[in-house]
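Student: Sharing a model that was predicted from the sequence below.
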Amino acid sequence: MLKIKFIVMGSLNEKHWRDACDEYKKRLGGSFQVTEVQLKEVPTPKNPSDKDIAATLDREAQMIMENVSPRSCLVAMCVEGKQLSSPQLAEFVDSRATGGVSEICFVIGSSHGLSDKVKKAAALKLSMSALTFPHQLARVMLYEAVYRAGEIIKGSHYHK
């Protein structure tokens, strides 16, 4: 069974976001072996400079990459990434599974995004939309999108 790992910066502060993610993680268990690694965001000054943000992203990148196996397929969630339809995401996941990849790691960075180090290591830079979403909602949306991809791969009627 393909392993899906979500590496996320920060915690879900509100119960409804935690409940939504928990529901999708439970559902994902029918198609994938799912793990979540929740990393603590590196604090930044109140009005961080570009240098402060770069230093923060570098420290976060180190924590992220320590949780990515060398043989994992890394997917970096970033605004400049490629937008895929649900069937295209399913095809991406399925092609990795049938191509010998044992784990796909989806990474959601902090409010400052992801370091270029993480983006360069990624097999896919993925964008959910040109719109901006709250960090916590984006996590729920990613979990649902991966769940939907699994259902498409299985041929279920969830995706219409």
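Tutor: Okay, I see it. Numbers count the residues shown, from 1 in each chain.
Student: any idea of the pLDDT on residue 135?
Tutor: Each residue has a pLDDT score; the one for residue 135 is 85.
Student: same question, residue 160
Tutor: Taking residue 160 on its own, its pLDDT is 67.
Student: Can you pull the poorly scored residue ranges out of the protein?
Tutor: Counting by pLDDT under 70, the low-confidence segments of the chain come to 159-160.
Student: hey, where'd the strands end up in it?
Tutor: All strands of the chain, identified by DSSP state E, fall at 3-9, 33-39, 73-82, 103-108, 124-126.
Student: May I have the third one as CSV, with CA atoms only?
Tutor: So the one you mean is strand 73-82. Listed in CSV are the C-alpha atoms of strand 73-82, where the atom choice follows Å, rounded to 0.1, in the frame of the first residue of the first chain:
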residue,chain,number,x,y,z
CYS,A,73,8.4,11.6,-3.9
LEU,A,74,8.2,15.1,-2.5
VAL,A,75,5.3,17.4,-3.4
ALA,A,76,5.7,21.0,-2.4
MET,A,77,2.5,23.0,-2.0
CYS,A,78,3.3,26.5,-3.3
VAL,A,79,1.4,29.3,-5.0
GLU,A,80,3.7,29.2,-8.1
GLY,A,81,3.2,25.5,-8.5
LYS,A,82,1.2,23.7,-11.2
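Student: That one packs against which elements?
Tutor: Contacts defined by 3 or more Cβ pairs under 8 Å, 6 or more residues apart in numbering; DSSP states H and E place strand 73-82 against strand 103-108, helix 116-121, strand 124-126. Any C-beta I mention is one placed from the backbone N, CA and C, and that applies to glycine too.
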